[in-house]
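just the structure for this:
(one chain, ligands or ions: 1)
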Amino acid sequence: MGDASPLRVPEVESREATSGIGPLSRTSTDPFTTPPQFCQRWRTAISRNRTVAVGMTAVGISETLRRRVPIVAPSMLKVDFGNLAREIQLLDEAKSAVLHWDVMDGNFVPNLSYGAMVIASCRKRTDAIFEAHLMVADPAPYLDEYVQAGCQWITIHIESQGNAKQHLRHIRARGCLAGLCINPETPAEAIKPLLGEFDTVLVMSVKPGFGGQKFIPESLEKLESVRRIVGSDTLIAVDGGIGSTTIGPCAAAGAEVFVAGSAVFDRPDYRQAVEELTDLARRQTPDL
Ligand SMILES: O=C(CO)[C@@H](O)[C@H](O)COP(=O)(O)O
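As a prediction, the model looks like this:
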């Protein structure tokens, strides 16, 4: 969490004034126009008859997410990489609103996964919202690559190097949702200085780096604390060890997006898995 960062963030007086992005629950007319490098790359990546995601603004994405809560977001760490196109088709059939791309650099976490090129090559295959979860030592040099790859939601770790506030502002200035992730050993209070700078909080309920780990029970209390800190307008996600016994308690504790690897990909029928998990979450989501 040092201060030095090579990122040059455009001067943004007020986020709403420049991008039209507001709190997740806000409905508004949207004066935002997608930055050209984002729009063109993305347009060419998506086939002509797939228009839902094209040009969708951060406000639109926020509203889509809000409407779809509770959301089970398959963790693409557990996908069959030898059959990526087929896997994405199956996730589309499972009506997954969000695909969660776990980007690991082998440095911030002891594992290496994939980068923006792989994600960009999958962009044309689905209209699902792409979230890039950057488990990297320094996100600064990579942020734009993930925007250009078609990710509409970029999550950085508070524990990464550089200036988290600058990173979050950079993501928002590119028209994406800015997510802030905290590791199990980081207290919920650590997000307080960054309030107002992010759209979503991702609570890691395992140590990042690997799928298939056991849910850390203390994460429930942390979800409750995060909810108290951020209020109702910020979307809260949880990641790690999410399955049939943990998803309900996480929903009750305030989570709305559930990143699930094994609980989806270890099942023969992804659609059934997503439906069952969503149902379990819905039953314990307050106010639903
Ligand atoms: O980011 C991570 C791990 O670093 C997670 O997204 C896991 O990939 C989730 O896998 P399961 O715990 O659901 O199997």
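
tell me the spatial nearest neighbour of residue 172, not counting adjacent residues.
Distances taken as C-beta to C-beta, 6 or more residues apart in numbering place residue 178 nearest to residue 172, at 4.9 Å, with adjacent residues excluded. From N, CA and C alone the C-beta is placed, and that goes for glycine too.

list of residues touching the helix or strand containing that neighbour?
Using DSSP states H and E, residue 178 sits within strand 177-182. Outside strand 177-182, the residues within contact range by C-beta atoms under 8 Å, 6 or more residues apart in numbering are 58, 61-62, 131, 133, 152-159, 164, 167-169, 171-172, 188, 190-191, 194, 197-204, 222, 226, 237, 239.

residue ranges with poor pLDDT in the stretch 51-200 of the chain?
51-55 (pLDDT under 70).

which residues of it fall in strands?
With DSSP state E, counting those that start in this stretch as the criterion, the stretch 51-200 of the chain has strands at 71-74, 98-104, 129-135, 153-157, 177-182, 200-204.

now render those strands as TSV, adding mean neighbour count.
Below are those laid out as TSV (neighbours: other C-beta atoms under 10 Å):
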stretch	mean neighbour count
strand 71-74	27
strand 98-104	25
strand 129-135	27
strand 153-157	28
strand 177-182	24
strand 200-204	26
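
could these be laid out in TSV, adding distance to residue 89?
Below are the strands of the stretch 51-200 of the chain laid out as TSV (distance: least, C-beta to C-beta, whole Å):
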stretch	distance to residue 89
strand 71-74	13
strand 98-104	12
strand 129-135	16
strand 153-157	21
strand 177-182	25
strand 200-204	26
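
of those, which is nearest the ligand?
Closest to the ligand of these is strand 98-104 (C-beta to the nearest ligand atom; 4.4 Å).

restricting the selection to alpha carbons, write that closest one to CSV.
Extracted as CSV, the C-alpha positions of strand 98-104 are listed here (Å, rounded to 0.1, in the frame of the first residue of the first chain):
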residue,chain,number,x,y,z
VAL,A,98,-20.7,-12.2,-14.6
LEU,A,99,-17.6,-14.2,-15.4
HIS,A,100,-14.9,-13.6,-12.8
TRP,A,101,-11.4,-13.7,-14.4
ASP,A,102,-8.7,-14.6,-11.8
VAL,A,103,-5.5,-12.9,-13.0
MET,A,104,-2.5,-14.2,-11.1
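
for the stretch 51-200 of the chain, what lies in contact range of the ligand?
75, 77-78, 102 (C-beta under 6 Å from any ligand atom).

one more pass at 8 Å, please.
75, 77-78, 100, 102, 104, 109, 111, 133, 135 (C-beta under 8 Å from any ligand atom).

closest to residue 148 among those?
residue 133 (17.1 Å; C-beta to C-beta).

which residues touch the closest one?
So residue 133 contacts 100-103, 155, 179, 181, 202, 239, 259 (C-beta under 8 Å, 6+ apart).

what of residue 277?
Residues near residue 277 by C-beta under 8 Å, 6+ apart: 72, 242-244, 247, 258, 260, 263-264.

any idea how far residue 170 is from residue 141?
Using C-beta to C-beta, to the nearest Å, we find residue 141 at a distance of 11 Å from residue 170.
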